[in-house]
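**Student:** Okay, predicted coordinates and the sequence, questions at the end:
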Amino acid sequence: MSIAFDLSRRIVLTASVVLPYAAGVAASVAATSAIAPGPRSDILVAYFSRTGNTRVIARQVQRALGTDLFEIEPSKPYPEDYEETVEQAQRERDAGIEPSLKAAVPDFATYRTVFLGFPIWGTTAPPVIRSFLSSHDWAGKTLRPFITHGGYGLGSSISVLASHAPRSELIEPLAMEADQERRTLAEVTAWIGGIERP
């Protein structure tokens, strides 16, 4: 596994500027699990995003490089409630479950490079990322991860990528802290705790 890092500075800087606006952007953008129409590229941006943070980065990479775009979705969506999603993801992680996906990438063999985006869940890659990796043949492909996390780093996510896509060339990831949802919940909880109840 070779590790190198040459992601465009423009992509990194733009992503860091637009990331705080992810929630608003995500609400106005229709998600798709199919390859976006238009000229086909030999580069794919595939991503999983719950809150929209990772989606913002994915769309910026796609625009900057003119790649194809694919959203990774489980066949059964995760709960809307944050805490319920955390509990389900922990159960899946601990049991080694790889949930079924809504769709696979058509003509995956035609791509030479795949930018793979996802958030860190429970100190590792989400279960659907393991499913995505297991569902495709990575032989001869360059895998470029971009990962968002809540301040605790990458955890075991890189070893998950290496074990589930062993025949790919795994490039050093772009890692960005993006913990708006967790921080918001903590601040609201603290605020409620300070309210005097009648």
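**Tutor:** Thanks, I have the structure now. Numbering: from 1, shown residues only.

**Student:** tally of neighbours for the residue nearest to residue 121 when sequence neighbours are not counted?
**Tutor:** Of all residues beyond its chain neighbours, the one nearest residue 121 is residue 89 (4.7 Å), with distances taken as CB to CB, 6 or more residues apart in numbering. C-beta here means a position set from N, CA and C on the backbone, and glycine is covered the same way. By other CB atoms under 10 Å, the residues close to residue 89 number 20.

**Student:** Next one: residue 89 relative to residue 58, how far apart?
**Tutor:** Here residue 89 is placed at a distance of 20 Å from residue 58 (CB to CB, to the nearest Å).

**Student:** rewinding a little: after the helix or strand the residue nearest to residue 121 falls within, next one along is what?
**Tutor:** Assigned by DSSP states H and E, residue 89 belongs to helix 82-95. For helix 82-95, the succeeding helix or strand toward the C-terminus, using DSSP H and E, is strand 113-119.

**Student:** Dump the following helix or strand past that following strand to PDB, restricted to CA.
**Tutor:** Sequence-wise, the next helix or strand downstream of strand 113-119 (DSSP H and E) is helix 127-134. What follows is helix 127-134, C-alpha atoms only, in PDB (Å, rounded to 0.1, in the frame of the first residue of the first chain):
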ATOM      1  CA  PRO A 127     -20.900  -0.100   8.200                       C
ATOM      2  CA  VAL A 128     -22.200   1.000   4.800                       C
ATOM      3  CA  ILE A 129     -18.700   1.900   3.700                       C
ATOM      4  CA  ARG A 130     -17.600  -1.700   4.500                       C
ATOM      5  CA  SER A 131     -20.600  -2.800   2.300                       C
ATOM      6  CA  PHE A 132     -19.600  -0.500  -0.500                       C
ATOM      7  CA  LEU A 133     -16.000  -1.700  -0.500                       C
ATOM      8  CA  SER A 134     -17.000  -5.400  -0.400                       C
END
